[in-house]
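Enquirer: what follows is a predicted structure for the sequence shown.
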Amino acid sequence: MKFPRMAPVHYIPLSFLVVITIGTLLLMLPVSCTSGHGADLLTALFTSTTSVCVTGLVVVDTYAYWSLFGQIVILILIQIGGFGVVAVLSMIMIATGKKLFLSNRVLLGDSLNLDREHEVLNFLIRMFKDVMIVELCGAIICSFELIPLLGVKKGIWASVFHSVSAFCNAGMDVIGADSLLGLRSAGMFMWTTMALIVLGGIGFIVWFDMIDGIKHGIRHRFSPRQIFTHLPEHTRVVILMTLFLILAGAACIFIFEYDNPYTLGVMSIKDKILNSLFQSVTFRTAGFASIPQENLKESSCIIGYVLMFIGGSPIGTAGGIKTMTAFLFFINALSYINGKKENVVFHKKVPEEQLKKSAAIVFFSLLTVFVMNLLLISICGFAHTDALYEVISALGTVGLSRGLTPHLNSAGRIIIIISMYLGRIGPISMAVFFAKEKRSDNTLVHAKGHFYVG
């Protein structure tokens, strides 16, 4: 069995579009809604898009509007969106004994943003196996909090749904109308949720590098520092960037919201620290809310813009432009300021192609934010802070909202649907597109021109 012949840059966006369409049709069935009448087209399309794009913005309450069948459809869409459509199709083919041809493996490698096609099948199988284990463990731990709260049946289902949603950075839950506001003091539940979000967003390749590195370090009796220094440079950058963004974000939220009576102000110091960390983590494309987002100060929203725009790390379930893209974009500017001829990270030169790719992704992502924000403000008349929060949340596949989503009109819903779709496939498609060498277009060498910048 072969996938249809087309360039990956076309196949990947199309595959997400097909799954979104199937999900929309399923959610329009009467059996999908508690009312028994079926959802209207725009509500079903919005929900299917937010599920497949693992965003989490919702126009109706997931726990109340959708029946058990509808919630199962949503959960499957979230899992497919988290893994990637091509990866799921490939895994189904492997499980059913079908052969993956070389073209399929290349496409799979492109969809996962891997450059080692000969390892792609082993990577895929290991990824699925480890994810199932992590999500199961997450569901078991969450059940200790949710079963006493919701009862056995609802508690088990809510735990499974929450674990998958958290790992895939989807931010949807079936616990209640207030997301996690009622559980913000439940330490074990909150820490488990943060762990799932970070594990999903840090990238599978970082997982495997860390696991293999720790095993290697134990065999050779390395210290923690030696284990870290033996990790690949990509993994070291991602770990450091992740820690910096989470801790810096949490510190800012703690300071800005410390005396805000509508967010952290009424909490104990312990809960303030916990929820500051949680807000910083959930800003990184997760979308769960333990404090009302509409009550955040504007200074906290600005921190949110940055964290949501950057998002998680490559080859994971998170969205955004990715930590590595932001890092390479930053060090390239820093190198120019310092007059360096090369960009060197951990004594390794960064390829020029990767720097160009990072710049292109940042540029097109900022352009999309500008256009979508302008459309939302002009068409729906929302305040700039709230509209920008909504747009960056959609494009970063975050799912946090300052209360705008349920009040979007038809045009506003379409804008956010497009934003969520572009946020999920845009950076991936752009990365694949700019990674392709077009030798036929670059054979001619032109004379240098004179251009004045700055």
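Expert: On my side now, so go ahead.
Enquirer: contacts only, for S159.
Expert: S159 is in contact with 139-140, 142-143, 146-147, counting by CB atoms under 8 Å, 6 or more residues apart in numbering. Where you see a C-beta, it was placed from the backbone N, CA and C, and this is true even at glycine.
Enquirer: now, the residues you listed that are in helices?
Expert: 139-140, 142-143, 146-147 (DSSP state H).
Enquirer: return the member of the residues you listed nearest to V266.
Expert: V266 lies nearest to L146 out of the ones in helices among the contacts of S159, by CB to CB, at 24.1 Å.
Enquirer: roughly how far apart are the closest one and S159?
Expert: 5 Å (CB to CB, to the nearest Å).
Enquirer: now the strands for the chain?
Expert: Defined through DSSP state E, the strands belonging to the chain, from first to last, are 344-345, 348-349.
Enquirer: what lines up beside the last one in the sheet?
Expert: Based on DSSP bridges, the pairing partners of strand 348-349 within the sheet are strand 344-345 (antiparallel).
Enquirer: any idea how far the partner strand is from the chain center?
Expert: Chain-centre distance of strand 344-345: 26 Å, with CA atoms, centre = their mean, to the nearest Å.
Enquirer: same thing with stretch 410-418?
Expert: 20 Å.
Enquirer: what residues does it touch?
Expert: 42, 45-46, 49, 57, 59, 372, 375-376, 379-380, 390-391, 394, 404-405, 408.
Enquirer: could you pick out the buried ones from those residues?
Expert: 42, 45-46, 49, 57, 59, 372, 375-376, 379-380, 390-391, 394, 404-405, 408 (16 or more other CB atoms under 10 Å).
Enquirer: those in helices, which ones?
Expert: 42, 45-46, 49, 372, 375-376, 379-380, 390-391, 394.
Enquirer: for those, which one is nearest T24?
Expert: Nearest to T24 among those: L45, at 4.8 Å, using CB to CB.
Enquirer: the closest one against I22, yeah?
Expert: No: with contacts counted by CB atoms under 8 Å, L45 stays clear of I22, the gap being 11.6 Å.
Enquirer: just read off the phi/psi values of V60.
Expert: Backbone torsions of V60, given as degrees, to the nearest 10, read phi -140, psi 160.
Enquirer: ok so, going back, pLDDT, distance to V120 and neighbour count added to the contacts of S159, as JSON lines?
Expert: Shown next, in JSON lines, are these (pLDDT from 0 to 100; distance: CB to CB, whole Å; neighbours: other CB atoms under 10 Å):
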{"residue": "A139", "pLDDT": "96", "distance to V120": "28", "neighbour count": "23"}
{"residue": "I140", "pLDDT": "96", "distance to V120": "31", "neighbour count": "14"}
{"residue": "C142", "pLDDT": "95", "distance to V120": "32", "neighbour count": "27"}
{"residue": "S143", "pLDDT": "95", "distance to V120": "35", "neighbour count": "21"}
{"residue": "L146", "pLDDT": "94", "distance to V120": "37", "neighbour count": "27"}
{"residue": "I147", "pLDDT": "95", "distance to V120": "39", "neighbour count": "16"}
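Enquirer: just those now: which is nearest A326?
Expert: C142 (30.9 Å).
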